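prediction below, plus the sequence it came from.
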Amino acid sequence: MPTLSELLVAVLLLLGTFLIVLTGIGLVRFPDVFCRMHAAGKAGTLGVILVVLGTVVQFAGTENDLWVRGLLAVAFQLLTAPASTHLLARAAYVCDYPLAQRTAVDELKGYLPSRPDQVFNQE
Amino acid sequence: MSPFLAAVLKICLAALLGSGIMCLYRMCIGPKVADRAIAFDTLAMIFICAICVLCIQWNSVLYFDAVWILMLVGFLGSASIAKYLERGRIF
């Protein structure tokens, strides 16, 4: 019979891993680069945070406590993941990456300088 | 460690392996550079999760600092790729 802390660790790890698997499925299945960023930027970040929190809970109370390092890692992930996703999305839009066929409205049209560069837009 | 937690860790590692294979598939077929950059970022996240799970499995916090390194590598990698795509130079 698992103890309460083991149950908590298992729930955190399984939820985080489930979100990471959803990220992988989204990366393969989504139609264009912005949708894939949507999968990787949100679900992946939350999955990493849940798994790190599970590790912190597992080692809480022992002689090698992880509270500070784990929470700082969570804060760092929360700071950097939106920044990198935003930078990549902006670069992809500026480079005229194609939107999906089903895209209804492109609200950025005309706001960002579009430069379909002949070098960097290649395969 | 109880057999319950050991089974959970095995399931987590298998799921992370499957997700990593999907990321590698996207990294191979990804039509353009930004797709590959996103797949790289996600692969760094998967490595972070795998390191955390292995820390619990080996009952040691020795490798937990690698989490920091991988977060830094993922962020700097995708940020520099984005800047290179947008301006044609990194600095």
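Great, that's in hand.

low-confidence ranges, the chain, go.
Since no chain was named, I'll use chain A. In the predicted model of chain A, residues A:114-123 satisfy pLDDT under 70.

oops, wrong one, chain B.
Ranges of chain B meeting pLDDT under 70: B:91.

where do the helices of it begin and end?
Ranges of helices in chain B, per DSSP state H, are B:3-29, B:33-58, B:65-87.

the first one to helix B:33-58, inter-axis angle?
Orientation note: helix B:3-29 sits at an angle of 160 degrees relative to helix B:33-58 (axes from the mean of the first three to the mean of the last three Cα atoms, to 10 degrees).

and helix B:3-29, does that touch chain A?
Yes: Helix B:3-29 reaches chain A (Cβ under 8 Å from any Cβ of the partner chain) through B:4-5, B:8-9, B:11-12, B:15-16, B:18-23, B:25-26. All C-beta atoms are positioned from the backbone trio N, CA, C, and that covers glycine.

what packs against that helix?
Judged by 3 or more Cβ pairs under 8 Å, 6 or more residues apart in numbering or on different chains; DSSP states H and E, the packing partners of helix B:3-29 are helix A:4-29, helix B:33-58.

buried residues in the lengthiest helix in chain A?
Secondary structure of chain A per DSSP H: the longest helix is helix A:67-94. By neighbour count on 16 or more other Cβ atoms under 10 Å in any protein chain shown, the buried set for helix A:67-94 is A:69-70, A:73-74, A:77, A:80-81, A:84-85, A:87-94.

what about chain B: which of these touch it?
A:69-70, A:73, A:77, A:80-81, A:84-85, A:87-88, A:90-92, A:94.

and A:D65, what are its phi and psi?
phi -80, psi 140 (degrees, to the nearest 10).

not counting its neighbours along the chain, what's nearest it?
Nearest residue to A:D65 in three dimensions, chain neighbours excluded: A:F59, at 6.4 Å (Cβ to Cβ, 6 or more residues apart in numbering or on different chains).

residues contacting B:S60?
Contacts for B:S60 (Cβ atoms under 8 Å, 6 or more residues apart in numbering or on different chains) come out as A:N64.

ok, it to A:L112 distance?
48 Å (Cβ to Cβ, to the nearest Å).

no more questions from me, cheers.
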